[in-house]
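> Curious how this folds, go ahead:
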Amino acid sequence: MNKHPIAEEIEKYFREVYNHTLNLAGISFPKKEGLPVYMAVPQDLKEDDIMKRLTTHFVVKSYQYKTPLASNINRKAEQPRPKGTYVFAHRGCDEPDDIHLKKSYNDATKEKLLFVNTKEYLLITGFHRWKHKKWMDEKGWTRTSSLWSDGRLVSGYWFPSSGELCLNDGLRDGRDVDCGPRELFLG
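Presented below is the predicted three-dimensional model:
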């Protein structure tokens, strides 16, 4: 089966960082103008596993508003995703998408914007660190499409002064100037 040209790099990232074998042969890589970066999402890796591997591989600390992660995310409120392993396209910028800055979770969901959930956020920020040697969201925070079990927003960012990869809580109607969602495209 054919593989997309970027598939080998993503597979290598999963091997090196997560000690996870991923075969992207035959998996669709959706194309959308303005969203040039790809990430694969395997169903068998959970948020807690991803966070643990990121912090041990890159030797950093983590902060989580609630632990364990996977059981404290409101799955009923999440945007639907494909079953099995899938690939999505996104902008891949250091900070949240410029065109969505100041957009709250409420604004994004009202617009029916498809944007990264917690698992996808962890995978893309890890890939960004692995490939570019720096974390995403040092200045602003990414508003994910996930909610904590108490209804608060899951926000992701890198806190350089303490060396922490953070999944914090946030307000669903927050419109901070440097924060916003990261749009994705599934095809």
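> most centrally placed residue in this protein?
Within the chain, the residue whose C-alpha comes closest to the C-alpha centroid is Tyr121; the distance, by CA atoms, centre = their mean, is 1.0 Å.
> Tell me if I'm right that that one and Trp141 touch.
No - between Tyr121 and Trp141 there is no contact, the gap being 10.3 Å when judged by CB atoms under 8 Å. Glycine gets a C-beta too; all of them are placed from N, C-alpha and C.
> any residues in contact with both of the two?
Shared contacts of Tyr121 and Trp141 (CB atoms under 8 Å, 6 or more residues apart in numbering): Gly156.
> Spit out the contact partners of the residue nearest to the centre of the chain.
Thr142, Thr144, Val154, Gly156, Leu167, Arg182.
> Excluding sequence neighbours, find me the nearest residue to the last one.
Spelled out, that is Arg182. The shortest distance from Arg182 to any residue other than its chain neighbours is 4.7 Å, reached at Val116 (CB to CB, 6 or more residues apart in numbering).
> burial measure for that neighbour, as a count.
The local packing of Val116 (other CB atoms under 10 Å) involves 27 other residues.
> give the contact list for it.
Contacts for Val116 were tallied using CB under 8 Å, 6+ apart; they are His90, Ile124, Thr142, Thr144, Ser145, Pro181, Arg182, Leu184.
> and the gap between Leu114 and Glu183?
When distances are taken as CB to CB, to the nearest Å, Leu114 and Glu183 turn out to be 7 Å apart.
> Only alpha carbons, please: show stretch 127-137 as CSV.
C-alpha atoms of stretch 127-137 as CSV (Å, rounded to 0.1, in the frame of the first residue of the first chain):
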residue,chain,number,x,y,z
PHE,A,127,5.7,16.4,17.5
HIS,A,128,6.4,20.1,17.4
ARG,A,129,8.9,19.6,20.3
TRP,A,130,10.5,16.6,18.6
LYS,A,131,10.8,18.2,15.2
HIS,A,132,11.5,21.9,16.0
LYS,A,133,13.1,21.5,19.5
LYS,A,134,10.6,23.8,21.1
TRP,A,135,7.1,23.4,22.6
MET,A,136,4.0,25.0,21.3
ASP,A,137,2.1,27.7,23.3
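> Could you give the average pLDDT over that stretch?
Stretch 127-137 shows an average pLDDT of 98 in the prediction.
> With stretch 25-43 instead?
In this model, stretch 25-43 has an average pLDDT of 97.
> how about the strands of this protein, start to end?
Per DSSP state E, the chain has strands spanning 37-41, 61-64, 86-90, 142-147, 153-159, 164-170. These are given in chain order.
> Deepest in the core, which of the ones you listed is it.
Highest mean neighbour count among the strands of the chain (mean count of other CB atoms under 10 Å): strand 142-147, with a mean of 26.
> Isn't Asp169 up against Leu153?
Yes - the pair formed by Asp169 and Leu153 meets the contact definition of CB under 8 Å, at 6.6 Å.
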